[in-house]
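>>> requesting a structural model of the entry that follows:
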Amino acid sequence: MDKTDQTAIDESALVLNRTEKSAEAVLRVASMALSITGLVIMIKNSISNEFGSVSYSNLGAFMYLVSANGVCAAYSLLSALAILALPCPISKVQVRTLFLLDQVVTYVVLAAGAVSAETVYLAYYGNIPITWSSACDSYGSFCHNALISVVFTFVVSLLYVLLSLISSYRLFSRFEAP
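Numbers count the residues shown, from 1 in each chain. Down below sits the predicted model:
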């Protein structure tokens with residue numbers, strides 16, 4: 001194999017084909033839609049009754065969930081547009097940037113889902129040893145909507161784990177280790 005053949009192989013490894021771009025863009029748009037859905041459900045989640053009123057803004061975990069879903073939705077849209085607009089061949093800096101940002105968003109959304117899941121668990125079951133009773137007996141629809149929002153957030157986390165695997169594969173299969 002001469003030098004021109006090797007160069008052609010190296011350049012073809014850097015080109016994102018149309019199917020790869022489309023699949024990744026679909027995953028990013030799906031995660032954006034699910035993030036927005038979870039965000040809207042949580043923002044609209046409030047209840048008032050004879051026991052008092054509660055809203056997502058009363059709980060720090062849910063405020064973090066809303067913020068994380070907003071950041072994820074914005075990043076998902078921007079990265080989907082970037083993936084579709086990336087020139088071919090894709091540069092090492094672009095691949096590394098997507099890899100890094102995918103990792104950050106994955107962990108931010110996963111952390112938001114975990115802390116919110118803990119809050120929902122405590123709302124449903126309380127903590128009997130410290131006499132913390134269940135709040136969902138009094139605020140059932142609030143708890144149900146919060147649970148739905150947390151489920152959407154975990155689905156987004158799974159999509160971002162998949163996107164992180166794709167971006168790490170792209171980075172480590174196309175470029176040599178530093």
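
>>> what about residue 35, neighbour count?
Residue 35 sits with 28 neighbouring residues when counted by other CB atoms under 10 Å. (Glycine included, C-beta is placed from N, CA and C.)

>>> tell me which helix or strand it sits in.
Applying DSSP states H and E as the criterion places residue 35 in helix 18-43.

>>> flag every buried residue along that helix.
The neighbour-count check on helix 18-43 (16 or more other CB atoms under 10 Å) flags 21, 24-25, 27-28, 31-32, 34-39, 41-43 as buried.

>>> which residues touch the spatially closest residue to residue 98 that is not a sequence neighbour?
Nearest residue to residue 98, sequence neighbours excluded (CB to CB, 6 or more residues apart in numbering): residue 167, at 5.0 Å. With contact taken as CB atoms under 8 Å, 6 or more residues apart in numbering, residue 167 is in contact with 95, 98-99, 102.

>>> can you check residue 79 too?
Taking CB under 8 Å, 6+ apart as the criterion, residue 79 is in contact with 28, 98, 101-102.

>>> one step back: which one among the buried residues of helix 18-43 gets closest to residue 122?
Residue 122 lies nearest to residue 42 out of the buried residues of helix 18-43, by CB to CB, at 16.5 Å.
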